[in-house]
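>>> any chance you can model this:
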Amino acid sequence: MQKEESDKEKPPKFEGPIYWFETSDSVTRRFQFEPDGQLSMKVLDDSRQAFQRVAESFLNKFFPSGYPYSVNEGYLRYTQFRALQHLSSAALSVLSTQSLLFAAGLRPTPAQATAVSWILKDGMQHMGKLICSNLGARMDSEPKRWRILADVLYDMGTGLEVLSPLCPHLFLEVAGLGNFAKGMAVVAARATRLPIYSSFAKEGNLSDLFAKGEAISTLFNVVGLGVGIQLASTICSSMPGKLVAGSLLSGIHVYSVIEEMRAAPVNTLNPQRTAMIVADFLKTGKVSNPADLRYREDLLFPGRLVEEAGNVKIGGPFHKVMKPSQLKQWKEMFPEEKFVLNLGDTWIDMLLEHNATGEDVLKGWLIAAYAAELKKSSHESNVCVLQDAYEKVDKVFIPFFSEVQAKGWHTDRFLDGAGGRFAY
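Predicted coordinates:
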C-alpha cells in the first residue's frame, strides 16, 4: 500500500525535447531545447512582405541586439553620420592614393629611390602615431574634441597627398608630412572610439555595439571605395576636378564627424560637463542627463570658464595656485575633503588629491559656485565666504548627488585630462 502511494507522489517524466511556439509580427517561430542544453530556433511561417524581411535582416547585421531599447538616445543619428563619414573618407583615400602614385611616377629618379621614399613616407606615419600616443589622458577627458581633431588632421594629410603631383620634386616632404598628420589622426580616432561607444551601451552590450559599429564602417568604406574609383576615372582624372571633389568630400567628412559627436551622450565627468551640471542645478534645481547636455557642449574649445558655475579652473600648477600656509589653513577647516579651493579675483582654482573621485569634484565645484555668488554680495574674507558656501552645500549635496547618479552619470572617477593632482 505504501509503495503504491509513493509511486503516485512521483512527478511524471517528460520524454522528448521541450519546445514551444511564438508568433509575433506575422512570424511564427519554434523554440526548442536541444539535448546539450542549447536553445535552437526555427522560423515556421513568415507572412511579412519582402522589404520587411530585408529591413530586419539589415538591423540584425548592423545594429545591436534589442535595438532600439538596448542603446542610449542618439544612436541612430550617430550611425547615420558615421556611415556618411566613412563613405566620404574612403572616396577621398582613393583620390589621394591616385595622386601619390602619379606624383611618384613623375619623379625623375630610379625605381629604387622611389621605393625608399615610399618607405620613408610610411615611416613618418609611425612617427605621428608615437607623438600622438602621449596625449591619451587628454583624449579620455575630451573624446569628442579629439575625434573631430583626428578627422581634421586626416583630411589635412589627405589634402597634401592630393596636391603632391603639383610638386613631384618634393614628393618625400609633402607625402611624408601628409602621412605624419594621418598617423596622429589614426591614433586619436582609435583612442576615442571606446569612450564614444561606451556612451551608447545601455545593457552592458559594449562588445555588440563595437562589432556592429565596425560592420557599418566596413560596409560604407567599401561603398566609398566604389564611389572614389568612379570619381577617379571621371571628373577627378584632372587636377582641377580632383581639387573640387576632394574639397567637397573633405567638407562632408568633417561635418559628418561633428554631427556624430554631437549625437553621442557621453556620461563621464570632465571639467566642461561638470560645470554645466552645476550651472543647471543652480539655475533650475534639477540635474541634466547626458542626453540633455550633448548638444550644448563646446566641442572645439571646451576649456572656457562657465560663469554660472563659479568660473572654476581645475588642475593648475600647485605652486602658482596656493601657498603652503593656505593649504594648511584649508586642511584645518575641511580635513576630510579631497580638493582645495582658492578664490581669486577672476576665477576660482580647484586642486584635486590623487584619489579624488567625481563625487569629490562635484562637491568642490558646488562649493565654488556658491562661494562665487556669496562673494559678489559680501565683504567678508575668503575664508568666511568658503565656510558659508560649505554649510549651504552640506544641506543640498546628498539629494543633488543622488540625482546625478540617477541621471546616469559615472561618478566613480573624474577625467581632468592633463590636470595636475597632489598628495597631502
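>>> burial measure for the closest residue to residue 408 other than its chain neighbours, as a count.
Distance criterion CB to CB, 6 or more residues apart in numbering; nearest residue to residue 408, sequence neighbours excluded, is residue 267 at 5.3 Å. Yep, even glycine has a C-beta here, placed from its N, CA and C like the rest. Residue 267: 22 surrounding residues under other CB atoms under 10 Å.
>>> then residue 376?
6.
>>> now it, what are its backbone angles?
Backbone torsions of residue 376, given as degrees, to the nearest 10, read phi -70, psi -30.
>>> what's the spacing between it and residue 385?
10 Å (CB to CB, to the nearest Å).
>>> rewinding a little: okay, the residue nearest to residue 408 and residue 309: tell me how far apart.
18 Å.
>>> now do residue 353
Residue 353 is 21 Å from residue 309, by CB to CB.
>>> neighbour count winner among these two?
Between residue 353 and residue 309, counting by other CB under 10 Å, residue 309 is the more crowded of the two (25 against 14).
>>> which ones are touching the more buried one?
274, 275, 276, 278, 279, 282, 365, 368, 369 (CB atoms under 8 Å, 6 or more residues apart in numbering).
>>> quick check: phi and psi at it.
When quoted as degrees, to the nearest 10, the phi and psi of residue 309 stand at phi -110, psi 20.
>>> ok, residue 204 next?
phi 70, psi 20.
>>> do the same with residue 203
According to degrees, to the nearest 10, residue 203 has phi -130, psi 30.
>>> could you list the low-pLDDT ranges of the chain?
For the chain, residues meeting the criterion pLDDT under 70 lie at 1-17, 23-27, 36-39, 41, 43-53, 55-56, 106-122, 418-419, 424.
>>> hey, which helix is longest across it?
Determined from DSSP state H, the single longest helix within the chain is helix 75-106.
>>> so residue 99 sits against residue 162, correct?
Yes - at 4.7 Å, residue 99 counts as touching residue 162 under the criterion of CB atoms under 8 Å.
>>> can you give me the helices for the stretch 51-200 of the chain?
Per DSSP state H, counting those that start in this stretch, the stretch 51-200 of the chain carries helices over the ranges 75-106, 111-132, 136-141, 143-163, 171-200.
>>> hmm, I was thinking of the stretch 201-350 of the chain
Going by DSSP H, counting those that start in this stretch, the stretch 201-350 of the chain shows helices at 206-232, 239-263, 271-284, 290-293, 318-321, 324-333.
>>> so for residue 65, which of the ones you listed sits nearest?
helix 206-232 (5.8 Å; CB to CB).
>>> in the closest one, what's buried?
208-210, 212-213, 216-217, 219-221, 224, 227-228, 231-232 (16 or more other CB atoms under 10 Å).
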